[in-house]
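Enquirer: what follows is a protein structure lacking sequence information:
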């Protein structure tokens, strides 16, 4: 005869506000990640188009899918399952009283991270992976698809991490547990990109959480993240020896 401790599995009123956001982060990030990394999906693009177009279209597809999977889908699920939830609770709003705070911190952080991104993007280690579109000759179409793709993807990314996985956890758990969970999972998602990005994501994640909390919105995180990505990809494009920008396609 074996024994075990009695388990109290009673569902508490606040459990939904914790369980749903965390499970959404897990399910929808995993869905995005394995779709974006799928060789089967990638091969369909390369079978249909020439190398440059295939690379551009495949990466753009992953960015748009990321926006839908990490931004739109978990937001809808949370709105449906958590009573009384609004877009403002997710940081998708505008507060006139924090507008100047948002502007100052957005401008200040961009002024700080953009030069750092420009410096780092030139390194050979970074050029192994960026720009993500590996087309040898970038046309205007590819150039602007790159910018739009990053903007959509990072908007969805911040909707998930700073909206669903942070803003919604503050009320039931408190600010510091919410930050700890967010920073831990946010840093973990950078593991495939190497130790440097994984470690660097922790302080950045902490700062973005605090600024999101202080402003009541996700816009600082969204804009700063997009500025970093645009700077990194365009600097990498400029310095990559095998990838060239040819606006006229020649």
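Expert: Nice, thanks for sending it over. Since the structure is predicted, the reported quantities are computational estimates derived from the model, not experimental observations.

Enquirer: number of nearby residues for residue 216?
Expert: For residue 216, the count of nearby residues is 18 (other C-beta atoms under 10 Å). Placement of C-beta: from N, CA and C, glycine included.

Enquirer: nearest residue to it in space, please, no chain neighbours.
Expert: residue 95 (5.1 Å; C-beta to C-beta, 6 or more residues apart in numbering).

Enquirer: repeat for residue 132
Expert: Residue 132 sits nearest to residue 59 (C-beta to C-beta, 6+ apart), 5.1 Å away.

Enquirer: ditto for residue 68
Expert: Spatial nearest neighbour of residue 68, chain neighbours left out: residue 156 (6.9 Å); criterion: C-beta to C-beta, 6+ apart.

Enquirer: please identify the helix or strand for the residue nearest to residue 132.
Expert: Per DSSP states H and E, residue 59 falls inside helix 51-66.

Enquirer: contact partners for the residue nearest the centre of the chain?
Expert: By C-alpha atoms, centre = their mean, the chain has its centre lying nearest to residue 157, at 2.9 Å. Counting by C-beta atoms under 8 Å, 6 or more residues apart in numbering, residue 157 makes contact with 66, 70-71, 225.

Enquirer: so which strand or helix has it?
Expert: Going by DSSP H and E, residue 157 is part of helix 140-158.

Enquirer: in that helix, what's buried?
Expert: Of all the residues in helix 140-158, those buried under the rule 16 or more other C-beta atoms under 10 Å are 142-143, 145-146, 149-158.

Enquirer: now swap in stretch 98-105 and tell me
Expert: Those would be 98, 102, 105, for stretch 98-105 by 16+ other C-beta under 10 Å.

Enquirer: a strand runs through the second one, doesn't it?
Expert: What it means is residue 102. No - judged by DSSP: H, G, I helix; E, B strand; the rest coil, residue 102 forms no part of a strand; its state is helix.

Enquirer: look up how far residue 244 lies from the spatially closest residue to residue 242 that is not a sequence neighbour.
Expert: Closest residue to residue 242 apart from its sequence neighbours, by C-beta to C-beta, 6+ apart: residue 136 at 6.4 Å. Per C-beta to C-beta, to the nearest Å, residue 136 is found 7 Å from residue 244.

Enquirer: same thing with residue 88?
Expert: In this view, residue 88 and residue 244 are 45 Å apart by C-beta to C-beta.

Enquirer: residue 67 now?
Expert: Residue 67 is 28 Å from residue 244, by C-beta to C-beta.

Enquirer: between these two, who's got more neighbours?
Expert: Taking other C-beta under 10 Å, residue 67 and residue 244 do not tie; residue 67 has more neighbours (21 against 12).

Enquirer: nearest residue to the more buried one other than its sequence neighbours?
Expert: If the residues on either side of it in the chain are set aside, residue 67 comes closest to residue 156, at 3.6 Å by C-beta to C-beta, 6+ apart.

Enquirer: and the residue nearest to residue 242, what pLDDT?
Expert: For residue 136, the pLDDT comes out at 94.

Enquirer: for the chain, where's the lowest mean pLDDT among helices and strands?
Expert: In the chain, the helix or strand scored least confidently by mean pLDDT, DSSP states H and E is helix 124-127, which has a mean of 88.

Enquirer: the helix or strand following that one - which strands sit beside it in the sheet, and in what orientation?
Expert: Following helix 124-127 in sequence order, the next helix or strand is strand 137-138 (DSSP H and E). According to DSSP bridges, strand 137-138 forms sheet pairs with strand 244-245 (parallel).

Enquirer: contacts for the strand it pairs with next, please.
Expert: 136-138, 143, 237-238.

Enquirer: any quick ChimeraX command for the buried ones out of those residues?
Expert: Buried residues among the contacts of strand 244-245 (16+ other C-beta under 10 Å), as a ChimeraX selection:
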select :138,143,237
